[in-house]
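Trainee: After the sequence you'll find the predicted model.
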Amino acid sequence: MTKTVQYQNELHKFLIWDTAGQERFRALAPMYYRGSAAAIIVYDITKEETFSTLKNWVKELRQHGPPNIVVAIAGNKCDLNDVREVMEKDAKDYADSIHAIFVETSAKNAININELFIEISRRIPSTDTNPASSGKGFKLRRQPSVTKRSCC
Ligand SMILES: Nc1nc2c(ncn2[C@@H]2O[C@H](COP(=O)(O)OP(=O)(O)OP(=O)(O)O)[C@@H](O)[C@H]2O)c(=O)[nH]1
């Protein structure tokens with residue numbers, strides 16, 4: 001999947017890998033995040049356990065992912081606020097503590113999706129200095145999800 005985002009006077013094209021978040025597929029994850037410029041880890045704001053699982057993915061990325069990978073945390077299904085289990089402030093505090101981007105999204109209602117990619121664009125080093133972007137695009141992923149510019 002690809003997504004193109006206008007950032008300042010540049011067009012950033014993301015190559016996005018949506019990887020399965022389930023534990024049984026965990027061994028496959030490095031194939032996606034290796035060489036990636038950014039990872040989006042997605043949890044479901046209506047399911048507390050997905051937020052706990054997300055923390056394991058953050059650890060894995062920190063231990064085995066590219067050293068400068070941009071990590072973004074997306075609390076998806078923000079359209080279901082009535083059945084929320086994860087408080088936005090708790091997630092934001094956690095994201096801040098690990099220097100990750102944080103945003104609540106709704107894939108269903110297209111809320112904050114573009115904003116998320118723009119923020120990732122802002123954090124990824126410019127095309128002049130980033131080897132991953134020299135004509136190869138980015139790579140990405142999901143929940144939990146990891147993304148690739150090459151975002152996994
Ligand atoms: N209300 C609401 N439902 C959503 C949203 N995003 C996804 N869903 C629904 O949640 C369910 C799961 O969506 P998936 O995209 O399959 O989730 P996933 O995390 O990719 O699942 P796996 O790849 O199997 O781990 C589907 O029924 C979607 O329609 C959202 O933002 N809001």
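Mentor: Ah, there it is.

Trainee: When you work out contacts or count neighbours from here on, use the C-alpha atoms and nothing else.
Mentor: Noted.

Trainee: Burial check on L80, number of neighbours?
Mentor: Neighbourhood size, L80 [other C-alpha atoms under 10 Å]: 12.

Trainee: If we ignore the residues flanking it in sequence, what's nearest it?
Mentor: T46 (7.2 Å; C-alpha to C-alpha, 6 or more residues apart in numbering).

Trainee: can you pull out the strands in this structure?
Mentor: Secondary structure of the chain (DSSP state E): strands at 2-7, 10-15, 38-44, 70-76, 101-104, 138-141, 146-149.

Trainee: just to revisit the earlier point, now do the residue nearest to L80: how many residues are near it, please.
Mentor: 21.

Trainee: Run through the residues that contact it.
Mentor: Contacts here follow C-alpha atoms under 8 Å, 6 or more residues apart in numbering; on that basis T46 touches K77, L80, N81, V83, R84, E85, V86.

Trainee: Throw the strands of the chain into a markdown table and include distance to S121, thanks.
Mentor: Output for the strands of the chain, formatted as a markdown table (distance: least, C-alpha to C-alpha, whole Å):
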| stretch | distance to S121 |
| --- | --- |
| strand 2-7 | 7 |
| strand 10-15 | 7 |
| strand 38-44 | 9 |
| strand 70-76 | 10 |
| strand 101-104 | 11 |
| strand 138-141 | 10 |
| strand 146-149 | 9 |
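
Trainee: Could you report the pLDDT at the closest residue to Q6 other than its chain neighbours?
Mentor: Using C-alpha to C-alpha, 6+ apart and skipping the chain neighbours, the partner closest in space to Q6 is H12 (6.2 Å). H12 carries a pLDDT value of 86.

Trainee: Which strand residues bridge H12?
Mentor: V5 (DSSP bridges).

Trainee: Can you tell me which of the contacts of T46 are buried?
Mentor: K77, R84, V86 (16 or more other C-alpha atoms under 10 Å).

Trainee: thinking again about what came up before, now do the residue nearest to L80, the pLDDT please.
Mentor: T46 is assigned 98 on the pLDDT scale.
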